[in-house]
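Peer 1: I'll drop the sequence and a predicted model, then ask my questions.
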Amino acid sequence: MKALLAAFIVLCGAAATAQELVHTPPRVHGWWMGDVLEERLALPEGWRVDPASLPRPRAVEYWLDLRAVTVVEGEIVLEWQTFYSPLEPLERRVPPTPLRLIGPDGPRDYSAPGFTFVTAPIRPILAPSSPDQLRPDADFIGQDARGAQARTAAFAALALAALAGLARHQAWPPFRPRPARPLTAAARAVARLGDDGLAAMRALHRGLDAAAGRALASDGLDAFLSARPELAHCAERLRTFFARSDAAFFAAAPAPSAAEIAELARALADAERGRA
Amino acid sequence: MPQDGSPPPSLADWRRRALDAETGLNGAVLGQARAVRLIMIAVFCRGHVLLEGDVGVGKTTLLRAVARAVGGPFTRVEGTIDLMPGDFLYDASIGEDGRPRVDPGPALAHGEDLSIFFFNEINRARPQVHALLLRMMAERSVTAFRAEHRFPHLQVFADRNQIERDETFELPAAARDRFLMEIAIAAPEDPADRMALAFETRFHDVDRLIATVGEGLLPYRGLNAAAEAIQAQVGASDALRAYVFGLWEALRDPIAAGLEIAGVDMARLVRGGASPRGAAALVRAARVAAWLEGRDAALPQDVRAVFAAVMAHRTFLAPVYEGRRAALMPALIDAAFARTPAPA
């Protein structure tokens, strides 16, 4: 009795562990060119496949592609696609696939056995071909692009406006202001004034005021010249100018000739433009 | 006029004397050349001067030295909170005969010869005293012993320190306007001057120091005539008039003149002041400055040299800015200089 019970338990255990690797090839016939064939491998409980051993999808033969390899819940699915164009029904063979499985006892090499299938021509080989055998073209599906074009135009305009704003902010051309050249402007004004010495002095005073950024007088000349070293070579002439201007405007001395003032104004303008 | 009957000095002679006095004053009071020049200008404008500054920078020494250079009777009063106008005019005492006596006080003791009235710490005196002083400054006269006493040669020098505010009375605007100049005195900038003031013994004995200044270099009886002659001799051209007017307008209406000071609402900054009397004083002072420089016409730089001393204390700022006057007034004046072209 005990022996029977023991045998039963052993048989039950054997049944429990009898889960074997199940290879399910696709059906063996009835395939055409372009069909996808699924080869399935169900792994036993506790087993998994070493992902590194899975074949990569590729063209296996000139007529056979391995399209995809997926592992889902213990089942490996190999998706094959045949491009074989037979002249008559013909059996082809898909090669075995080597895999490495990892079980409770460690890794083990295994080879999925592959399978055979029968493929047939799609139509009689010798039948004549004519254009009306082709299926008609798919209908033309028109898309209205005007909205997209309008948006493109709007965003292009926006981008241009933003670029213009940036250029203005950064003072890029054409927004770069012309360099202020008050002394050059003053030299032109002096030249326009003709031979009125007092008016010429006044115009040069205004130019010097603008260049200094404040009303410039003889007592501010040194600070002005140290801030504008390019005018330093005119220092003595400027001192003389201020002294004569003081005398002419405030002490009723005769004004120097406009030509002298114009010459000093030109020298200052040249220095301002970096030509001196 | 000189009492010895010698002919009155010419303007050139006066100028030489003024420059001599200036040299003497600069020898006695180190590092205050600008203040000395301004005081010299005030002497020849016959204008009253208020010195303002820190304690111990030499305000009193400077004024005593000037008083010695000008010569003439000199009265000094210390401002205190219990000083009353009567203390100026009357000196009450008990006579040898045991009877109460009332003699002329410090203001009257020298009669009409009084040349310099030196009021120390003027902001410690009460408004009643300020009122009396106002009349003395404006009209050069007081009423005492039921008679009017005139002081034709009087020049008032006052000083005040800005350290204490307790028990002081701010000068009323009218009194400040009567001072030709308010001159800020600070310790000398030059480190060598400061070291000399600290270490050289000749600066320690003030009496001996003041004695080095020539006495009576500027005879006080002739100063009024000299001042008039200077004003008549030194010209002010139309361009200078326009310049002074421009500066005056800029101080009265900074917005219209386009003045700007960072962080200040220019529309509210100036509350008043810059009176016509102030502008007249400015022109007088500029003429004297030109004369001291040896010119016979006042130039814009002469106006600028005296502008701050003459105009700053007559310009009243809004209360919110009054506390920052020491920083704002120079900024306002500099902005006015920067915005007022010469010649216009």
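Peer 2: Sure, I can see it.
Peer 1: what about the strands in chain A?
Peer 2: A:22-24, A:36-42, A:48-49, A:58-59, A:64-72, A:75-82, A:90-94, A:97-103, A:106-112, A:115-119 (DSSP state E).
Peer 1: what's the fifth one packed up against?
Peer 2: Read it as strand A:64-72. strand A:58-59, strand A:75-82 (3 or more C-beta pairs under 8 Å, 6 or more residues apart in numbering or on different chains; DSSP states H and E). No exception for glycine: its C-beta is placed from N, CA and C like everyone else's.
Peer 1: could you dump those strands to TSV with mean neighbour count?
Peer 2: Output for the helices and strands packed on strand A:64-72, formatted as TSV (neighbours: other C-beta atoms under 10 Å in any protein chain shown):
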stretch	mean neighbour count
strand A:58-59	10
strand A:75-82	19
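Peer 1: quick one: which of these is nearest chain B?
Peer 2: Minimum separation from chain B across these (C-beta to the nearest C-beta) falls at strand A:58-59, 76.3 Å.
Peer 1: who does that closest one touch, helix- and strand-wise?
Peer 2: strand A:64-72.
Peer 1: name every strand pairing with the strand it packs on and say which way it goes.
Peer 2: Sheet pairing of strand A:64-72 (DSSP bridges) gives strand A:58-59 (antiparallel), strand A:75-82 (antiparallel).
Peer 1: sorry, back to before: same list (the helices and strands packed on strand A:64-72) but as a markdown table, adding mean pLDDT.
Peer 2: Below are the helices and strands packed on strand A:64-72 laid out as a markdown table (pLDDT from 0 to 100):
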| stretch | mean pLDDT |
| --- | --- |
| strand A:58-59 | 94 |
| strand A:75-82 | 95 |
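Peer 1: right, so of these, which gets closest to A:Gly220?
Peer 2: When those are compared by C-beta to C-beta, strand A:58-59 sits nearest A:Gly220, at 87.0 Å.
Peer 1: one step back: got the strands paired with strand A:64-72 as JSON lines, with distance to B:Ser275 columns?
Peer 2: What follows is the strands paired with strand A:64-72, written out as JSON lines (distance: least, C-beta to C-beta, whole Å):
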{"stretch": "strand A:58-59", "distance to B:Ser275": "104"}
{"stretch": "strand A:75-82", "distance to B:Ser275": "105"}
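Peer 1: for the stretch 201-344 of chain B, which segments count as strands?
Peer 2: B:270-273, B:315-317 (DSSP state E, counting those that start in this stretch).
Peer 1: pick the most buried one from these.
Peer 2: strand B:315-317 (a mean of 19; mean count of other C-beta atoms under 10 Å in any protein chain shown).
Peer 1: from the chain's centre, how far out does the helix or strand bottoming out on mean pLDDT in chain B sit?
Peer 2: Sorted by mean pLDDT, DSSP states H and E, the helices and strands of chain B end with strand B:270-273, the least confident at a mean of 81. Relative to its chain's centre, strand B:270-273 lies at 21 Å (C-alpha atoms, centre = their mean, to the nearest Å).
Peer 1: which secondary structure elements does it contact?
Peer 2: helix B:173-178, helix B:238-252, strand B:315-317.
Peer 1: quick one: strands adjacent to it?
Peer 2: Strand pairing for strand B:270-273, determined by DSSP bridges: strand B:315-317 (antiparallel).
Peer 1: which one of the strands paired with strand A:64-72 lies nearest to B:Ala35?
Peer 2: That would be strand A:58-59 among these, by C-beta to C-beta, at 101.3 Å.
Peer 1: quick one: distance of the closest one to the chain centre.
Peer 2: 33 Å.
Peer 1: what does the stretch 101-250 of chain B put close to chain A?
Peer 2: Neighbours of chain A within the stretch 101-250 of chain B, by C-beta under 8 Å from any C-beta of the partner chain: B:235, B:237, B:239-240.
Peer 1: closest to A:Arg275 out of those residues?
Peer 2: B:Ala239 (33.0 Å).
Peer 1: any idea how far B:Ala297 is from that closest one?
Peer 2: Distance, B:Ala239 to B:Ala297, by C-beta to C-beta, to the nearest Å: 10 Å.
Peer 1: joint contacts of the two?
Peer 2: A:Phe250 (C-beta atoms under 8 Å, 6 or more residues apart in numbering or on different chains).
Peer 1: for B:Ala267, give me the pLDDT.
Peer 2: B:Ala267 carries a pLDDT value of 87.
Peer 1: my read: it touches B:Leu259, true?
Peer 2: No - contact criterion C-beta atoms under 8 Å: B:Ala267 and B:Leu259 do not qualify, at 10.9 Å.
Peer 1: which one's more surrounded, the two?
Peer 2: B:Leu259 (23 against 10; other C-beta atoms under 10 Å in any protein chain shown).
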